[in-house]
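> got a sequence here, can you build the structure:
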Amino acid sequence: MKSYEININSNLRAIPVAIIFFGLSFYLMTLIPRDWPDLVKFGIIAVLFFSPVIPVTILSRGRIRIDLTEEAFRFIWIKRFFLSKESNIELGWDRIIDYVNQEDRGLDSFRLTITNNQQLKFYRYTYFPQTDDFDKFLTQFPKFIKTVDLANERTIEQGKTEFQTRSFKRVLAVLTILAVGLLVNTLLNPDSGTRWASLGVIFLGILFYWMQATRKY
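Prediction:
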């Protein structure tokens, strides 16, 4: 048996916490005196803007232990989410169709597709370094399932992420064309008002999602 302790987060619980703390941050921004130096105001605004991520991450966090045995995949709560009563879960390997690990900026997820069109999915915020076994789990899980005896000589495959679907790639292609058009317009019309820093952020974002969409496992 292999065991892994992993921090996970609840989007349902993160949303109200984010509304409260980001709302407080924006209110505090309005209290900054206008006659303060621009550099000081910029620094305070940056701190107020990013600091709510800390309580959002902490107050929406739970901790689980995943056990991999010859018979089943076990999802066991070590620390449940605030005001939750979720039960432990045990899935026989014959019930699992495929698995997907999806990486996004600040938000990773792991999903098992189960028979009868069901899923077991958990999220993990990565705005800060995590001290858990998630990376170890991702490395060892594909190797472990190859040793499991399944009925009908089938295998548990790695599925596609949302970024690897045709619909997402089509949307990304349209956004890429629009971004290139914006770049050409900026080059031809330097006074258009488009900032190079904004273009840099746009193209970095598009590059990130193309890397995710074409990623090979």
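> for this protein, which spans come out with low pLDDT?
Low-confidence segments of the chain (pLDDT under 70): 152-153, 193, 216-217.
> mind giving me the domain split of the protein?
1-159, 164-213 (automatic domain parsing).
> tell me which of those domains sits most buried.
Comparing the domains of the chain by mean neighbour count (mean count of other C-beta atoms under 10 Å), domain 1-159 ranks first with a mean of 14. Where C-beta positions appear, they are placed from N, C-alpha and C, glycine not excepted.
> now do the same end-to-end measure for it.
24 Å (C-alpha to C-alpha, to the nearest Å).
> what does stretch 65-81 give?
OK, stretch 65-81 end separation, C-alpha to C-alpha: 14 Å.
> looking at this structure, which residue ends up farthest from its center?
D35 (39.6 Å; C-alpha atoms, centre = their mean).
> wait, a strand at it?
No - using DSSP: H, G, I helix; E, B strand; the rest coil, the assignment for D35 is coil, not a strand.
> and it, how far from L138?
52 Å (C-beta to C-beta, to the nearest Å).
> and what of G43?
Counting by C-beta to C-beta - G43 and L138 are separated by 37 Å.
> again with R65
The value you get for R65 to L138, if C-beta to C-beta is used, is 16 Å.
> now do the strands in the chain.
Along the chain, counting by DSSP state E, strands occupy 2-9, 61-68, 72-79, 89-92, 96-104, 107-114, 118-125, 157-158.
> who wins for proximity to K169 among those strands?
Between K169 and the strands of the chain, the tightest spacing by C-beta to C-beta is seen for strand 96-104, at 14.8 Å.
> the closest one pairs with which strands?
Strand 96-104 sits in its sheet next to strand 107-114 (antiparallel), strand 157-158 (parallel), going by DSSP bridges.
> that strand vs strand 118-125, what angle?
On the basis of axes from the mean of the first three to the mean of the last three C-alpha atoms, to 10 degrees, strand 96-104 is oriented at 20 degrees to strand 118-125.
> skipping adjacent residues, who's closest to F49 in space?
S25 (6.3 Å; C-beta to C-beta, 6 or more residues apart in numbering).
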